[in-house]
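Q: Here is a sequence with its predicted model. Questions after.
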Amino acid sequence: MRPVVVYQNSLRYPLNVLLGTESHVRILRVLANEVDGPITAPNAAERTGLTIPGTHQALKRLLKSGFVVRVGSGRQHLYALNRSDKMIKAL
């Protein structure tokens, strides 16, 4: 995975370290707190300070884990937090 573009302090954002890959935590944080609905990968990249290819890879892993779901169909993929997941509810 590519490195993040913008550094975030681990004291201010401890879940970056606790939950593994920082990019996953950043994306989950955006989906949970900053948007009201599904977003595109480029939009998520802009909000998280990640590269677009890195965001695509992180979203792919989050989809596989079940934390994120793909919404809608067609050419543009939209991603949303899987609010029914027990781990997401706990976080």
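A: Good, I have the coordinates.
Q: give the contact list for the residue most central in space within the chain.
A: What sits nearest the mean C-alpha location of the chain, by C-alpha atoms, centre = their mean, is Ile27, with 2.0 Å. If you count contacts by C-beta atoms under 8 Å, 6 or more residues apart in numbering, Ile27 has them with Ala44, Thr48, Leu50, Thr55, Ala58, Leu59, Leu62, Val68. The C-beta positions use only the backbone N, C-alpha and C, and glycine is treated the same way.
Q: Could you tell me which of these are located in strands?
A: Counted as lying in strands by DSSP state E, out of those, are Val68.
Q: Show me which pair in the contacts of Ile27 is furthest apart.
A: Among these, the pair separated by the greatest distance (C-beta to C-beta) is Leu50 and Val68, at 14.3 Å.
Q: for the top helix by length along the chain, packing partners?
A: Ranked by number of residues, the top helix in the chain under DSSP state H is helix 52-65. Here helix 52-65 touches helix 22-29, helix 41-48, strand 68-71, strand 78-81, going by 3 or more C-beta pairs under 8 Å, 6 or more residues apart in numbering; DSSP states H and E.
Q: most neighbours per residue, which of the ones you listed?
A: helix 22-29 (a mean of 22; mean count of other C-beta atoms under 10 Å).
Q: Can you pull out the residues in contact with stretch 42-57?
A: 1-6, 8, 23, 26-27, 29-31, 34-35, 39, 41, 58-59, 79.
Q: Of the residues you listed, grab the buried ones for ChimeraX.
A: Buried subset of those, written as a ChimeraX selection, criterion 16 or more other C-beta atoms under 10 Å:
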select :4,23,26,27,29,30,31,39,41,58,59,79
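Q: Reformat the helices and strands packed on helix 52-65 as TSV; add mean pLDDT and distance to Tyr13.
A: Shown next, in TSV, are the helices and strands packed on helix 52-65 (pLDDT from 0 to 100; distance: least, C-beta to C-beta, whole Å):
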stretch	mean pLDDT	distance to Tyr13
helix 22-29	87	7
helix 41-48	94	11
strand 68-71	91	19
strand 78-81	93	18
